[in-house]
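[1] Here is a sequence together with a model predicted from it:
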Amino acid sequence: MFMARSSELEAEQAWVDHAYDCLEAARRRVLRLREITGVGPGGTHQARLESEVVEETIRARMAQLEVGDGALVFGRIDPGDTDERFYIGRVAVADDNQEPVVVDWRAPVAEPFYRATGRHPMGLSRRRHFASRGSRLLDYEDELFGDDLGLRHRDRSGPGPEGLAGRRVLLAALDRPRTGRLGDIVGTIQAEQDEIIRSELGGVVVVQGGPGTGKTVVALHRAAYLLYTHRFPLEGQGLLVIGPNRLYLGYIDRVLPSLGEAGVELATLADLVPEAVGEGRERPETALMKGDLRMAAVLAKAVADRERPLRRDLVLGLGLQRLRCDVASSRRLVERARRRAGRHNAGRPLVEQGLWEVLARSARREVEPAEVREQLRRHDDVRAALEWMWPVLDPAELLRDLFGSPALIRLAAAGRLDDDEQRALYQERGERSAGDLRWTGADVALLDEARALLGPRPSGTRDEPRSYGHLVVDEAQDLSPMELRMLARRSLGGSMTVVGDIAQATGAWAPTTWADVLEHLPSRHPPRVHELTVAYRTPATLLRLAARLLAAAGTGLSLPTSVREGGEEPVIVATEERALAQAVAERAELEQAAVGEGNVAVVVPRSLADAVAAALAAAGVEHSRAETAGLDGAVTVVPVHLVKGLELDSVVVVEPAAIVAEEPQGLRALYVALTRATRRLTVVHARALPVPVADGATSP
């Protein structure tokens, strides 16, 4: 039996080697195009343009053929009624005769590799999963289908290890040390994940998933699948992935290139506006107010308040004549511009032209509006009149003026916001110009809303914020109504994949259901809501602790079922306030030794980040700060507001009581921190623990 299996493994290794040879041949064929189409210095302009197009095509194709350290082939399927077999892999590969050697995992023929079950074999007699390290095949695992076969396929209609496809290969992948970068799961996608990935294009797809369910990688694999299946038009329209912060984007940035899709844009909300956005935090009441959907009406009114008739007649001299624009005429100019201009700044030329015409008509002798314009456009009174009636504005100027003036806030918010809400918006203007301000994250959606209302300056660039054929929005449960409205504007046809966990909503806005989110997103098609029910990353021992905290947070949601029943119990380390940072440093050093090649995150409340980093340095523990160095170090200090979506081998959570006190949704923020570990969890504290944590872990 061993000899037969060894022989089979050698045969499969030979096929994998053949596939890599064919992949390298494909790369050589692509590079030969560069020699054929190369243009020297004397080539025509048209030839150079054509060469640039070919070069771009070559770079894109080479990116698709780059598999990096990931395995090219990760399994095979055997249809039951033929001798045919299909090897499933990262990219499609053909031999010199254009016969398929590897089928792209996104192709329709590959679907049974992910979706077949004992009850619904989808025509398969065998599914084989490969365990590989790069091009080297280490092992394989077979699942056999059909009544006449000796080995029965375990039906995976239910959660847990017994219901998984390629169970041994999957669990081996989950046990590998983390690298500080999210990896793809293309070789171990499970049925409930594949259903979401292959969901049709169009409308809003919501993916609800608890800790460790793989919702982020599912969304990214869906992006790769949609680009493969709908290359036209998505490649031209663009696909945008929105993440909560720069640390997170760095964490996921290798997934799509590993799947052959290097042209996808990754961004935070702040990246979508040109204004400088800093790391400052708003007061909770201000952040809440700035995310409120009523701010759209407040900003629209603030713009309308800057479109106004003159307060007194404008009288000007032109030679021996006196030209006049009275208040009634100015009111008609403003009303006409409002009717004709789509957006505010587009109305300024209309008001200017109207003013020249009114002044020309007021002259005793016939005067052309163009002559009036030429003679008077630089006159101080004319400039002041135009700035009063219809100023050209940019978003920063509008918000600076509005938030810096209680009177302007009152005028724009009357009937919409009460006195306390208006006071929450007021910010001391100071002496700085709008261009010198550092905006906060809460301002981003308001800047974007203002830009949509104002439009470009008449004499400025005509560039508009870009829209996309499909958006992937991760951690969507933390977005305010105004931020969701901002993203809806970026969608060409309302096609979006929205990912998150209502239980992990930690921002100022915390929806109770996905319906609260969907009401602010495009509704051209009925939304499709999927829930991932199986936790792959988080061991059951850690989920049991999280379950107590989740119940205390009052979300009404249940945790997914873990496929990893083993795992070490979470550990609590109690210490004194003055010794807290030192105790954290000692525990981090211990954890680093315990996980070996894995990584350790020290998750801290914002107020303790500097003290803990200093203690690690004093203890000689080599470490990095997540804000500046990502997760590339063996030990990383991560403020709790940045830890969402990450996975680490070992997590040391520092002072839970401070996390609960400092974050807008404190218990939920702690819930997030306690569910990041794949192997080991430690809680270090000096203050009294929240009851669910105190009851759910053991002391060392």
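    Now that the structure is in, tell me what you want to look at.
[2] wait, what's in contact with the closest residue to His344 other than its chain neighbours?
    Nearest non-adjacent residue to His344, counting by Cβ to Cβ, 6 or more residues apart in numbering: Leu454, 4.7 Å away. Using the backbone N, CA and C atoms, a C-beta is placed for each residue, glycine as well. The contact partners of Leu454, by Cβ atoms under 8 Å, 6 or more residues apart in numbering, come to 303, 343-345, 393-395, 398.
[3] out of those, which are buried?
    303, 344-345, 393-395, 398 (16 or more other Cβ atoms under 10 Å).
[4] hang on, the earlier thing: tell me which of the contacts of Leu454 fall in helices.
    303, 395, 398 (DSSP state H).
[5] tell me the pLDDT at the first one?
    Think Val303. For Val303, the pLDDT comes out at 98.
[6] and the gap between it and His520?
    Look at Val303 and His520: by Cβ to Cβ, to the nearest Å, they are 21 Å apart.
[7] related to what we said a few turns ago, ok, the buried ones among the contacts of Leu454 vs Glu464, which is closest?
    Minimum distance to Glu464 across the buried ones among the contacts of Leu454 is 12.2 Å, recorded for Asn345 (Cβ to Cβ).
[8] which residues touch the closest residue to the closest one other than its chain neighbours?
    Spatial nearest neighbour of Asn345, chain neighbours left out: Gly455 (4.7 Å); criterion: Cβ to Cβ, 6+ apart. Contacts for Gly455 (Cβ under 8 Å, 6+ apart) come out as 342-346.
[9] farthest residue from the center of this protein?
    In terms of distance from the mean C-alpha position of the chain, Leu320 ranks first, at 65.0 Å (Cα atoms, centre = their mean).
[10] Arg126 falls within a strand, correct?
    Yes - assigned with DSSP: H, G, I helix; E, B strand; the rest coil, Arg126 falls within a strand.
[11] Could you pull up the residues touching it?
    By Cβ under 8 Å, 6+ apart, the contact set of Arg126 is 76-78, 142-145.
[12] Show me the shaky parts of the stretch 301-450 of the chain.
    Scanning the stretch 301-450 of the chain for pLDDT under 70 picks out the ranges 430-435.
[13] make it 90
    Residues of the stretch 301-450 of the chain that meet the criterion pLDDT under 90 lie in 319-320, 364-366, 428-438.
[14] Strands along that one, start to end?
    314-318, 321-325 (DSSP state E, counting those that start in this stretch).
[15] would you turn these into a markdown table with distance to Arg231 and mean neighbour count?
    Listed next are these as a markdown table, based on distance: least, Cβ to Cβ, whole Å; neighbours: other Cβ atoms under 10 Å:
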| stretch | distance to Arg231 | mean neighbour count |
| --- | --- | --- |
| strand 314-318 | 59 | 17 |
| strand 321-325 | 57 | 18 |
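[16] is it true that Arg28 lies in a helix?
    Yes - assessed by three-state DSSP, Arg28 belongs to a helix.
[17] where's the residue nearest to Asn345 relative to Val303, distance?
    Between Gly455 and Val303 the distance is 10 Å, computed by Cβ to Cβ.
[18] How far away from the center of its chain is stretch 59-77?
    24 Å (Cα atoms, centre = their mean, to the nearest Å).
[19] Tell me which two of the buried ones among the contacts of Leu454 sit farthest apart.
    Among these, the pair separated by the greatest distance (Cβ to Cβ) is Val303 and Asp394, at 11.9 Å.
[20] re earlier: residues that sit against both of Gly455 and Val303, list them.
    Residues touching both Gly455 and Val303 (Cβ under 8 Å, 6+ apart): His344.
[21] could you pull out the strands for the stretch 101-250 of the chain?
    124-133, 136-144, 204-209, 239-242.
[22] Run me through the strand neighbours of the last one, direction for each.
    When pairs are called by DSSP bridges, strand 239-242 turns out to pair with strand 265-267 (parallel), strand 470-473 (parallel).
[23] so how far is the last one from its chain's centroid?
    This points to strand 470-473. Remark: strand 470-473 is offset 8 Å from the chain centroid, using Cα atoms, centre = their mean.
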